[in-house]
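> predicted model, plus sequence, below.
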Amino acid sequence: MKELRELIHHANLTKTQKTIAEFILDNSSEACFMTSTEIAQKLAVSESSVIRFSRSLGYSGFMDFQKALRKSYQGKVLSISSSITVPSQRAAKASKLSGNTEYIQLHVNNAAKNLETVLANNTSASFEEAADLIIRARRKYIVASRGNSCLGDYFLLYLKHMAPNVETTSSSSISPIDHVCSITREDCLIVFSFPRYSSVDRSVVEMAREAGAAVVVVTDKPSALLAPYASVLITVPVDSSTFFNSMVAPQFAAEILLDVISHRVKGIEKRLRKIDRYLGKLGNY
């Protein structure tokens, strides 16, 4: 960004070229994916003006300029926001950068950025408050649909190792509504919800709040579908460089919450010894 601004600042641009420059500086992420024709149509200028603009900055043409622009904004552009919810649309955006073969490093960069955001967006008090609600609850219901079910299953397994009356709402024959129909104000609902959000999850959360139960929502942003229903809200980004959400940060948040719970409940060692004794007979750990 800094290099591009300096190039533009020192270039002898026409009025039309300055208009193009302002658009690209203000809309760098969008411009990275636009053709010279699309930019020309967007700004009501000729395509040749866009090409001449690229050459005025020292590039051989628009393709050469666009390649440099993509590289400059690689870290930002290659993180596909969860606001793009349709997998085919995410795949289409990712394919526009198919020339870049550093897939693993890009994935690592996105995951690292998401992990940093978990701690930046959530205080320790949020995790502690969520843990207290879960521990105090008579029954704990876990809600997670489709791509989020991996989080729900993980959380279910280890919360069951620490606390009684932990229930999943996932079943092939019974809907989440059936599972939660007896929820009361003494209970707690833990829901993992990421785009594309499930309307079934919303119905379950509405049922829980109507009953007066506490609701811990782990989702991607404060404006998410289920955020308004949260007794405690934990926001975690799932931005990625491919067509599916990255679950590294949500998994991290789930582990933090389980870690806090593990330091507050009693009897874990006894429960784990009992579980291990019986699992040992099966050889299924």
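In hand now; what should we look at?
> can you tell me how far Arg185 is from Ala211?
Arg185 is 6 Å from Ala211, where distance means Cβ to Cβ, to the nearest Å. From N, CA and C alone the C-beta is placed, and that goes for glycine too.
> so for these two, which residue has more residues nearby?
More crowded of Arg185 and Ala211, by other Cβ atoms under 10 Å: Ala211, with 16 against 12.
> next up, the contacts around the more buried one.
By Cβ atoms under 8 Å, 6 or more residues apart in numbering, the contact set of Ala211 is Ile183, Thr184, Arg185, Asp187.
> cutoff 6 Å now
Ile183, Thr184 (Cβ atoms under 6 Å, 6 or more residues apart in numbering).
> check Leu189 too.
Residues near Leu189 by Cβ under 6 Å, 6+ apart: Tyr141, Ala208, Ala213, Val215.
> so it, which state does it fall into?
strand (DSSP: H, G, I helix; E, B strand; the rest coil).
> and the residue lying closest to it once chain neighbours are set aside, how many neighbours does it have?
Distance criterion Cβ to Cβ, 6 or more residues apart in numbering; nearest residue to Leu189, sequence neighbours excluded, is Ala208 at 4.2 Å. Neighbours of Ala208 under the rule other Cβ under 10 Å: 24.
> could you do Cys181 as well?
11.
> how about Arg277?
9.
> could you look up the SS state of it?
Under three-state DSSP, Arg277 comes out as helix.
> out of the contacts of Leu189, flag the one nearest to Lys270.
Tyr141 (24.7 Å; Cβ to Cβ).
> for that closest one, what are phi and psi?
phi -110, psi 130 (degrees, to the nearest 10).
> from what I can see it touches Glu167, true?
Yes: contact criterion Cβ atoms under 6 Å: Tyr141 and Glu167 qualify, at 5.3 Å.
> and these two? which has more neighbours close in?
More neighbours surround Tyr141 than the other of Tyr141 and Glu167, with 25 against 15 (other Cβ under 10 Å).
> let's have the contacts of Leu189 in TSV, adding distance to Glu38 and pLDDT.
As requested, the contacts of Leu189 are arranged in TSV below (distance: Cβ to Cβ, whole Å; pLDDT from 0 to 100):
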residue	distance to Glu38	pLDDT
Tyr141	48	98
Ala208	46	97
Ala213	50	98
Val215	44	98
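> Serialize the residues you listed to TSV and add fields for distance to Leu157 and secondary structure.
Below are the contacts of Leu189 laid out as TSV (distance: Cβ to Cβ, whole Å; DSSP: H, G, I helix; E, B strand; the rest coil):
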residue	distance to Leu157	secondary structure
Tyr141	15	strand
Ala208	22	helix
Ala213	22	coil
Val215	21	strand
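> which one of those sits closest to Glu102?
Among the contacts of Leu189, and counting by Cβ to Cβ, the member closest to Glu102 is Val215, at 40.5 Å.
> need the contact list for that closest one.
Here Val215 is in contact with Leu189, Val205, Ala208, Tyr229, Ala230, Ser231 (Cβ under 6 Å, 6+ apart).
> how much space between the residue most central in space within the chain and Leu257?
Centroid check for the chain by Cα atoms, centre = their mean gives Val238 as the closest residue, at 1.7 Å. Applying Cβ to Cβ, the value for Val238 to Leu257 is 17 Å.
> buried stuff in stretch 194-210?
For stretch 194-210, a neighbour-count test (16 or more other Cβ atoms under 10 Å) marks Phe194, Pro195, Tyr197, Ser198, Asp201, Val204, Val205, Met207, Ala208, Arg209 as buried.
> in TSV: those residues, plus secondary structure.
Shown next, in TSV, are the buried residues of stretch 194-210 (three-state DSSP):
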residue	secondary structure
Phe194	coil
Pro195	coil
Tyr197	coil
Ser198	coil
Asp201	helix
Val204	helix
Val205	helix
Met207	helix
Ala208	helix
Arg209	helix
